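Trainee: Give me coordinates for this.
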Amino acid sequence: KATVSVLYCINYIITMTEPDIDDDPKSPIWTDDNRAADEVLHVTISEVPHKCMRQERRALKDLEVKVLEKIPVCADIRSLTHRDIVSDLSKLLNNVDEEKLNANVFGSKRDDGTEVWKEMIEGRGFVIVLGNVQGATEVQMSLGRLHVPLNLSAGTSDRTVRFVGLVVAPPDTDVHLRTRTAFETGRTLASVLSEPSFRLKADTASTDDDLHSQIHDFLTDTKKNAHHKQSHSSPVEGKPFCTSPFSGLITDIKNRSKWWASDFYEAKEYPARVLSTAVYLFCVILAPAIAFGKLMSDKTEDEIGPMEILISQSISGLVFSIFGGCPFVIIMTTGPLTVFIGFLHELSGWLDTEFLPFYAWVGVWNSIWLLLSVAFNLSNHIHYVTAYVDQIFACLVAGIFAYEAIKPTATDFFTPSDGEEAAGSMGVVLMLGTFFLAVQFMDLRGSQKFTRTIRVVISDYGTAIAVLIMSCIYHIAKVDHVETLNVPNTVQLSDSKRSLFVDMSETETHIIFIAAGPAFLLFTLFFLDENITSILSNKREFKLRKGEAMHLDLFVVAIINLMLSLMGLPFLHGALPQSPLHVVQLADHEEYIERGVLIKRVVKSRETRMTSFLCHILMAAATIGCLPALKALPVPVLYGVFLTMAYQGAKDNPLVERLLLWITELSKYPPDHLVRRLELRTVHKWTAAQLLSFAVLWAVKSAPFISLGFPFIILVLVVIRHTLLPKWFSEHDMAVLEGDH
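Mentor: Next comes the predicted model:
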């Protein structure tokens with residue numbers, strides 16, 4: 001009861017908000033007086049196309065004559081009304097008659113006295129007021145940042161505004177002045193303010209000079225890119241097959257070598273974010289590593305356990321963070337790999353051979369297959385694995401996390417042993433409490449509670465704080481029979497009698513060649529998982545600039561797993577959802593509400609190897625010196641981290657979003673959702689096809705005799721996507737559904 005009370009209090013503190021207003025005509029807010037005060041506005045809305053700074057002649061001219069670089073600015077406008085804001089901005093201009101300006105800019109007043117601008121350009125977070133003033137001889141403009149964001153729209157939206165621009169120009173009738181119109185100049189300014197990266201920097205400017213320097217830096221970068229020669233060829237979907245051995249690997253090494261040093265030294269520009277991300281990665285890697293180690297120990301009869309995974313993760317993670325291609329990819333022992341290793345143990349029993357030598361030969365063959373794929377540049381054709389398969393595979397990983405967390409906890413709760421009823425209940429509280437707190441803490445960044453600094457710190461370290469809080473609750477409650485981590489007090493293998501390297505010399509010849517079969521299935525899992533992880537970690541919406549290096553990633557993974565196989569340590573490859581979450585954790589985001597829907601997008605990404613490097617330094621330190629502390633962690637708390645990762649991996653998955661549409665009211669669909677471009681029947685048919693494919697994949701994975709071949713089912717799904725689905729869906733529909741159109 002005390003634990004539940006603590007969780008309830010935390011929930012109240014985090015989620016307390018202003019009471020909702022009942023949207024009911026009988027509600028007191030809907031009085032006749034209020035209805036009488038409402039206005040009816042005639043508003044004409046037209047889309048303003050952005051100016052292309054690379055190709056549009058007028059935009060290039062604006063840059064060359066430094067129109068925007070001369071703009072006067074004010075970084076702290078404290079006025080609250082439309083007229084006062086225009087007055088503040090007009091004072092930054094030269095020889096502007098404020099009376100004529102107001103007569104031209106403002107329309108009629110509302111009943112409450114609020115004035116509305118006649119003509120303006122409105123965007124996300126900004127508004128530009130346009131005025132053609134009699135007597136003006138040239139175009140002038142000024143820019144201000146409001147001290148407090150305000151809703152300055154003309155009743156067309158509920159967007160808040162932080163930046164306000166004012167453009168003053170001669171009337172359109174004064175053609176002899178040969179100058180730009182207020183609209184064209186305002187469109188240039190709007191194109192700059194529409195860039196999320198510029199707004200992010202300008203929002204943090206502390207002084208007028210600082211804001212002006214942000215404008216100067218942005219325009220300088222734009223001019224550098226404006227004169228680059230643009231390619232008019234159509235993009236190629238996949239790279240051509242090349243017969244030159246290792247040509248893709250050589251290209252990746254050349255491309256990544258120029259970024260390698262910056263992957264490390266750029267981290268000094270944002271040390272706090274690097275540290276918080278490293279701690280976050282430590283939590284989301286350590287929990288699965290130990291939990292999968294425990295599961296693997298059960299499946300392999302203690303021949304491979306948590307200690308082997310900790311050693312493998314620490315060493316391999318450090319090596320990959322230094323020499324890997326994409327710095328965001330996190331390699332680790334995943335759920336599908338744990339399941340596959342369990343299958344290998346069963347297969348070794350059927351073949352009547354020792355497990356570890358058989359396991360080592362499978363690993364050697366797997367590395368050979370991987371090196372051959374690198375030699376023949378097979379990753380060039382990974383584009384055949386489209387979003388249809390990516391989303392199903394991501395759901396499989398999330399499902400494994402959720403299943404492995406819920407199954408043991410539910411078993412202990414519903415079928416407890418004698419005298420362990422309290423332990424089962426405590427396990428549920430610890431798991432759900434960790435999950436609940438971690439999600440709430442990570443979402444705290446976008447709330448209005450506490451100060452910004454406190455919100456950022458709690459959000460960055462949310463998972464670690466949740467684990468610490470629930471572990472303390474367990475030790476305070478002192479409930480018996482709750483399982484804690486079973487790791488040794490010193491660094492040693494599960495079988496302390498075996499040597500570090502596996503003795504493979506006595507394996508029979510036919511067993512060596514038989515191992516090539518399951519190794520090919522394992523290679524299929526490695527190849528698809530590694531490349532899918534790289535694709536999902538380099539999505540366009542992440543705004544990364546250094547690119548992926550799939551051939552180099554596979555080559556390094558092949559070498560690492562070859563060494564792990566010889567030592568009888570667990571295999572590792574690219575992990576979901578840790579790798580995309582690595583990108584998200586390092587990025588800056590922008591949140592806004594569009595038609596009642598909260599939309600979150602990346603506005604700036606940071607690319608560094610230091611987060612993964614520091615994370616595995618922490619992992620090695622925990623493995624060497626903190627084993628007694630790890631033994632104090634309750635296993636249900638780690639299951640809560642599992643649920644958190646399953647939730648994070650599923651919540652942004654388009655397949656899950658479309659599944660939720662089945663129980664969502666039609667009028668509540670997101671404003672920019674693909675259902676606005678396709679028939680609802682088409683969307684649901686596509687979702688049903690993915691759901692059926694997922695069910696088949698899960699069934700094969702769970703079947704006792706055919707589960708070894710579940711990586712092959714992923715290849716079958718790729719074939720289905722390119723053979724059967726085009727018969728049921730048009731190319732346009734599939735492009736929209738997969739986010740390519």
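Trainee: Strands of the protein, start to end?
Mentor: Along the chain, the segments classed as strands by DSSP state E run 73-77, 106-109, 115-117, 120-123, 126-132, 140-150, 161-169, 331-332, 573-574, 588-594, 597-604.
Trainee: Mean pLDDT for the ones you listed - can I get that in TSV?
Mentor: TSV is the format used below for the strands of the chain (pLDDT from 0 to 100):
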stretch	mean pLDDT
strand 73-77	86
strand 106-109	68
strand 115-117	74
strand 120-123	82
strand 126-132	85
strand 140-150	85
strand 161-169	87
strand 331-332	90
strand 573-574	89
strand 588-594	66
strand 597-604	70
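Trainee: which one of these lies closest to residue 553?
Mentor: Using Cβ to Cβ as the measure, strand 573-574 is the one of these that comes nearest residue 553, at 7.1 Å. Placement of C-beta: from N, CA and C, glycine included.
Trainee: quick one: strands adjacent to that closest one?
Mentor: Taking DSSP bridges as the criterion, strand 573-574 forms sheet pairs with strand 331-332 (antiparallel).
Trainee: what residue lies at the spatial centre of the chain?
Mentor: residue 584 (3.9 Å; Cα atoms, centre = their mean).
Trainee: how near is that residue to residue 395?
Mentor: 18 Å (Cβ to Cβ, to the nearest Å).
Trainee: these two touch, right, residue 218 and residue 192?
Mentor: Yes: counting by Cβ atoms under 8 Å, residue 192 is a contact partner of residue 218 at 6.7 Å.
Trainee: which of those two has more neighbours?
Mentor: residue 192 (23 against 17; other Cβ atoms under 10 Å).
Trainee: can you pull the pLDDT of that one?
Mentor: What the model reports as pLDDT for residue 192 is 80.
Trainee: Skipping its backbone neighbours, what lies nearest it in space?
Mentor: Excluding its sequence neighbours, the residue lying closest to residue 192 (Cβ to Cβ, 6 or more residues apart in numbering) is residue 198, at 6.0 Å.
Trainee: Just give the number of residues close to the one you found.
Mentor: Neighbours of residue 198 using other Cβ under 10 Å come to 21.
Trainee: repeat for residue 214
Mentor: 20.
Trainee: and what of the one 5 residues further on?
Mentor: The number of residues packed near residue 219 is 20, by other Cβ under 10 Å.
Trainee: how much space between it and residue 70?
Mentor: 11 Å.
Trainee: For the residue nearest to residue 192, give me its contacts.
Mentor: 192, 214-215, 218 (Cβ atoms under 8 Å, 6 or more residues apart in numbering).
Trainee: Hmm, residue 696 is touching residue 714, no?
Mentor: No: using Cβ under 8 Å, residue 696 makes no contact with residue 714, being 10.7 Å away.
Trainee: in the sheet, who's paired with the closest residue in space to residue 541 that isn't next to it in sequence?
Mentor: Leaving aside its sequence neighbours, residue 541 sits nearest to residue 602 (Cβ to Cβ, 6+ apart; 6.0 Å). Counting by DSSP bridges, residue 602 is bridged to residue 589.
Trainee: residues contacting residue 602?
Mentor: Counting by Cβ under 8 Å, 6+ apart, residue 602 makes contact with 541-543, 584, 587-590.
Trainee: What number of residues are in the vicinity of the nearest residue to residue 196 once chain neighbours are set aside?
Mentor: For residue 196, ignoring the flanking residues on the chain, the nearest one in space by Cβ to Cβ, 6+ apart is residue 603 at 3.6 Å. Around residue 603 sit 16 other residues, with neighbours defined as other Cβ under 10 Å.
Trainee: Now residue 206, what are its backbone angles?
Mentor: phi -90, psi -30 (degrees, to the nearest 10).
Trainee: Correction: the previous question concerned residue 72.
Mentor: Backbone phi and psi, for residue 72 under degrees, to the nearest 10, turn out to be phi -70, psi 140.
Trainee: Kindly provide the distance from it to residue 147.
Mentor: Taking Cβ to Cβ, one finds residue 72 at 18 Å from residue 147.
Trainee: The two: which has the busier surroundings?
Mentor: Taking other Cβ under 10 Å, residue 72 and residue 147 do not tie; residue 72 has more neighbours (17 against 13).
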